[in-house]
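K.L.:
all I have is the shape, not the residue letters:
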């Protein structure tokens, strides 16, 4: 269940959401710089090189976590966090299955919520 | 970029309206009040003004001609007009932009005016990643961002300096009690226990860590020192240094999300002013959340990393103290008039340096530092970090 209106893909983010529908978290990859970025942007942050899409492994490290309204239909406290993916980029998302001791530094893995109107939203949970 | 060091630019007047929660008034109406006040204090007529710098208004968002409409409605005819959309950094950003425009010969006397009424009407709509990758994923607003930043800070330093935050909350509230223009709902005494017991909003951010939105307007008048003297002005304030940084660390080389552009603009502004942190008499940090004040103390260079709390507890930061902070209450205790919020502490700093602090007048007011914060970025810190150093003439 989404918190608010579902995302509306743009010309820049369309490929990300197509990946999400397949259960793949797509990063924009700049082969010239050898680095990835998220959220989707029209140009690379690292060089004037081209951007390709590359699926993330889904592993990452929690940088910050705080309280949020509980997510409807999902057990556990409402939490959100910032996760640094192993590929480099940071992602803001819901944190599920968070115990009271969950703190920055924890290993996390990406997970997907139940599709809604064909859109799949991502979240994180402790690895 | 020490283009202000020669002190040939002067702020000759400042003004602000009463801050009011849900005033029912428009930003335009508030702008009219504050323009009249500012011109009156400067001894100027509208025809003496040839420059106008404004900020966006959340209550008027969607009007693509806002600044032009304000100029027309208020009766200003200008040879230089500027709209700055750096959020809470806009007000001090406009002082620097006005100074640059004056030095470039576009104009000689600029009204820098900010007015907003977001607690009466908020038409703002932040598009981009906010609606696509924020809101659908649980984003609920700035308190959540500062909850995340505080979480990272607490992890890095082994906890939050709660006692120092409480001290800050009370010191600023004491200023608001002496400030008739602060929001009436905030003009009630506050204890450190009140702060520590206030409701958790986004742990560890509490209700009393956060600003409250309100309606209001503020303005300063910037001209040349030469013209100020011709006008017979004897007390004026010189902007002597200004630095801003937008989109700090764009490639995310630094995993520590507590670090912001102030790590650059703070030391740069001090160097431009030829000052060390210890030379600053009074500090007017942008305060949308109390933790932002601690982060700025550390990143500008007043305190070492992680030492912002000890810095606050180690000296008197009140009006009678050695290092006064946000003496009119700051936004936290006076109210945040939306995108005019950056002017709240600017106007107080200028008033103090002009000796117009009234009951709140601080003893040593040779100079002051005012800062601005603009916008929140994706999964990291704020967008713009701006620092202005002022000196009394």
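P.N.:
Alright, I've got the coordinates. Please read these numbers as outputs of a predicted model, since none were measured by experiment.

K.L.:
give me the neighbour count for whatever residue of chain B ends up closest to chain A.
P.N.:
Nearest to chain A, among the residues of chain B, is residue B:147, at 3.3 Å (CB to the nearest CB). C-beta coordinates here come from the backbone N, C-alpha and C atoms, glycine included. Look at residue B:147: counted by other CB atoms under 10 Å in any protein chain shown, it has 26 neighbours.

K.L.:
run through the residues that contact residue B:363.
P.N.:
Taking CB atoms under 8 Å, 6 or more residues apart in numbering or on different chains, we find residue B:363 in contact with residue B:320.

K.L.:
could you pull up the contacting residues of the residue of chain B closest to chain A?
P.N.:
Counting by CB under 8 Å, 6+ apart, the residues that residue B:147 touches are A:66, A:67, B:201, B:202, B:203, B:204, B:205.

K.L.:
wait, is it part of a helix?
P.N.:
Yes. Under DSSP: H, G, I helix; E, B strand; the rest coil, residue B:147 falls within a helix.

K.L.:
quick one, phi/psi of residue 57?
P.N.:
Chain wasn't specified; assuming chain A. With angles defined as degrees, to the nearest 10, residue A:57 sits at phi -70, psi -20.

K.L.:
one more: the one 10 residues further on?
P.N.:
In this entry, residue A:67 is assigned phi and psi values of phi -80, psi 150 (degrees, to the nearest 10).

K.L.:
before we move on, which element is residue B:331 in?
P.N.:
helix B:330-334 (DSSP states H and E).

K.L.:
weed out the non-buried ones from the contacts of residue B:147.
P.N.:
For the contacts of residue B:147, a burial check counting by 16 or more other CB atoms under 10 Å in any protein chain shown picks out A:66, A:67, B:201, B:202, B:204, B:205.

K.L.:
right, and residue A:39 touches residue B:133 too?
P.N.:
Yes. Applying CB atoms under 8 Å, one finds residue A:39 in contact with residue B:133, separated by 4.8 Å.

K.L.:
okay, and the common contacts of those two?
P.N.:
With CB under 8 Å, 6+ apart as the test, residue A:39 and residue B:133 both reach residue B:378.

K.L.:
who in the stretch 51-200 of chain B is up against chain A?
P.N.:
Applying CB under 8 Å from any CB of the partner chain, we find that the stretch 51-200 of chain B lies next to chain A at B:129, B:131-140, B:144, B:147-152, B:155, B:200.

K.L.:
which among those end up buried?
P.N.:
Buried, going by 16+ other CB under 10 Å: B:129, B:131-140, B:144, B:147-152, B:155, out of these.

K.L.:
tell me where chain A is predicted with low confidence.
P.N.:
A:1-4 (pLDDT under 70).

K.L.:
so what's residue B:212 up against?
P.N.:
B:21, B:183, B:185, B:186, B:335, B:336.

K.L.:
cool, residue A:53 as well?
P.N.:
A:15, A:16, A:19, A:26, A:27, A:28, A:29.

K.L.:
ditto for residue A:17
P.N.:
A:7, A:9, A:119.

K.L.:
state the distance from the first one to residue A:36.
P.N.:
Taking CB to CB, to the nearest Å as the measure, residue A:7 and residue A:36 are separated by 20 Å.

K.L.:
over to residue B:245?
P.N.:
Distance from residue B:245 to residue A:36, by CB to CB: 25 Å.

K.L.:
of those two, which one has the most company?
P.N.:
residue A:36 (23 against 20).

K.L.:
could you pull out the strands for the stretch 151-300 of chain B?
P.N.:
B:200-202, B:205-206, B:216-224, B:237-246, B:282-284 (DSSP state E, counting those that start in this stretch).
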